[in-house]
Structures are given as C-alpha cells and as structure tokens.
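Novice: predicted structure and sequence below. I'll ask about it afterward.
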Amino acid sequence: MLDDFLTRAALGGVGTALAAAPLGCFVVWRRMAYFGDATAHAAILGVALSLALALPIFAGALVVALVMAGAVTALSGQGYAMDTLLGVMAHAALAVGLVAVSFLESIQLDLMAYLFGDILAVSRADLAVIWGGAALVVALVAWRWQALLTTTLNPDLARAAGLDPRREELVLTLALAVVVAVAIKVVGVLLITALLIIPAATARPFARTPEGMAALAAGIGATAALGGLAASYHLDTPTGPTIVSVAAAMFVGATSVSRVVGRV
C-alpha cells in the first residue's frame with residue numbers, strides 16, 4: 001500500500017493535520033499566530049544547517065525551531081511589544097535561513113519544496129517521522145491538557161492552583177517546534193502557521209467544549225489535506241498551497257454558515 005506515492009502523501013497530510021489540530025486551538029486561544037510564524041520561518045535555517053552537516057532535516061529544523069521559540073520567550077517583556085518582536089524575528093529568521101541556503105553550492109536544493117512543501121515526495125521514512133511527531137504532540141498535549149487550558153484561560157487562577165504558566169508555555173513551545181519540523185515536508189515553512197490556525201478557527205463557531213474544538217479541528221485539517229491533495233492531483237497545482245486554499249475555503253464556508261444560523 002505504501003508503494004503508492006498518493007497513499008503516502010495522504011497519510012502524511014492526515015498525520016500532519018492530527019499533529020497541528022490540538023496545538024492550533026491553543027495558538028488561536030492564546031493569539032500566538034506570530035509566535036508560530038517566527039518558529040516556522042526559523043526552520044529554513046535548520047534545513048540549511050542539516051544539509052551542511054549531513055544531518056536529518058527533522059533534527060535540524062526541530063533544534064532551530066526550539067532555539068527560536070526559546071529566544072522569543074526569553075526576550076518577551078524586555079521593552080518591546082510582542083507583535084513587534086515576533087515580526088522582526090520571524091522575517092529575520094527567514095532571511096538568514098535563505099542566505100545560509102545560498103552558501104550550499106555543493107548541494108542541490110529544491111528551495112521551493114521547503115518553502116511550500118512537497119507532500120508528493122513523502123517517503124516511508126518521512127511517514128515514520130510525521131506520525132511519530134504527531135503521536136508525540138498529541139500525547140504531550142493530552143498529558144498537559146487541563147494545565148494548558150487553565151493557564152490559557154486565567155494565568156492567575158492557574159498560579160493559585162499551583163500551576164506554573166511559564167512551564168506550560170514551554171510545553172507549548174516544544175509541541176510547536178515538533179509540529180514545525182513535521183510539517184515542513186507537507187506544506188513548507190511559509191504555510192505551516194496556516195495549517196495550525198485555519199482548521200482551529202473553522203472549528204471554533206461549532207464547538208461547545210475545548211475538547212470538541214480540538215477534535216473538530218483535527219477532522220477539518222484532515223479533510224483539507226485530503227481535499228487539497230485530490231484537487232492538486234486533478235488541477236495540476238502546487239499541493240501545499242492547494243491544501244491551505246481548501247482549508248481557507250472551508251473557513252469561509254463555516255463562517256458564512258455560522259452567521260446565517262446566528263440570524264435565524
């Protein structure tokens with residue numbers, strides 16, 4: 001079954017959606033879109049370092065994403081507005097990564113595949129990385145779910161309950177770095193944040209509980225991945241951007257339906 005490249009691509013897309021969905025809910029609730037952008041854009045530097053040092057792409061992207069997330073966390077509250085700090089670091093990381101890639105003259109590199117994804121080239125080894133990363137993220141978020149939810153809703157209440165909001169933020173940082181490293185092959189560094197945010201935002205009007213929103217977001221993300229893959233195959237369009245376009249169309253449709261229902 002895994003000899004078919006479309007089957008591997010479908011499994012890779014679904015695995016990435018399952019990893020991104022629960023984390024995407026917290027990104028939406030905490031308004032961390034720029035944080036996701038900064039971490040994702042830094043991953044291109046991890047790709048360059050991995051190729052230069054002959055390391056696995058996943059390892060390099062994960063390490064650099066963690067370093068970027070840690071740097072953002074450390075610099076927050078140092079006199080800069082968070083959106084300004086994240087905007088500067090996101091674009092600086094992407095620019096430095098692209099410059100670093102340009103020095104790899106001895107290595108043939110399809111830069112577009114890392115920027116926008118190349119899901120059709122997903123291999124068996126990539127599937128192991130994607131589903132292993134998805135399992136790690138889901139397990140981590142499930143383990144800390146109540147603590148993460150409490151610190152998201154009310155940090156003061158969390159402290160009163162004996163929880164450390166900074167520790168829970170580090171848990172989210174780790175999970176986000178894993179998702180970034182996993183999603184590079186599927187949607188690329190420029191579209192990872194869209195895959196995090198759009199399914200969660202689409203699910204939000206229809207969810208009654210946080211757990212329901214996470215489950216619905218996972219279903220929406222998987223549907224967008226499979227629908228985008230099918231549309232890309234039939235229309236001969238770039239697969240990563242097509243997946244995000246399908247997710248965006250689902251968001252527009254869901255928003256329209258929720259407004260119509262709200263008026264009835």
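Specialist: Perfect, I can see it now. The structure displayed is predicted, hence computed values, not measured ones. Numbers count the residues shown, from 1 in each chain.

Novice: C-terminal to the helix or strand encompassing A158, what's the next element?
Specialist: Element membership for A158, per DSSP states H and E: helix 155-160. Downstream of helix 155-160, the first helix or strand assigned by DSSP H and E is helix 165-187.

Novice: other SSEs contacting that next one?
Specialist: helix 5-30, helix 33-52, helix 57-75, helix 124-143, helix 145-153, helix 155-160, helix 192-203, helix 239-263 (3 or more Cβ pairs under 8 Å, 6 or more residues apart in numbering; DSSP states H and E). (C-beta placed from N, C-alpha, C; glycine too.)

Novice: who wins for proximity to A231 among those helices?
Specialist: The closest of these to A231 is helix 239-263. By Cβ to Cβ, the value is 5.3 Å.

Novice: re the thing from before, ranking the helices and strands packed on helix 165-187 by burial, who's on top?
Specialist: Ranked by mean neighbour count under mean count of other Cβ atoms under 10 Å, the helices and strands packed on helix 165-187 are led by helix 192-203, which reaches a mean of 27.

Novice: what's the angle between that helix and helix 57-75?
Specialist: Using axes from the mean of the first three to the mean of the last three Cα atoms, to 10 degrees, one finds that helix 192-203 and helix 57-75 are set 70 degrees apart in direction.

Novice: which helix or strand lies directly C-terminal to helix 192-203?
Specialist: Next along the chain after helix 192-203, with elements defined by DSSP H and E, is helix 210-235.

Novice: buried sites along that next one?
Specialist: Within helix 210-235, the residues that qualify as buried are 210, 213-218, 220-229, 231-232, counting by 16 or more other Cβ atoms under 10 Å.

Novice: if we can go back for a sec, export the helix holding A158 as PDB, just CAs?
Specialist: The C-alpha trace of helix 155-160 is given here as PDB (Å, rounded to 0.1, in the frame of the first residue of the first chain):
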ATOM      1  CA  PRO A 155      -2.900  32.600  34.500                       C
ATOM      2  CA  ASP A 156      -3.700  34.000  38.000                       C
ATOM      3  CA  LEU A 157      -6.100  31.200  38.600                       C
ATOM      4  CA  ALA A 158      -3.500  28.700  37.400                       C
ATOM      5  CA  ARG A 159      -0.900  30.100  39.900                       C
ATOM      6  CA  ALA A 160      -3.500  29.800  42.700                       C
END
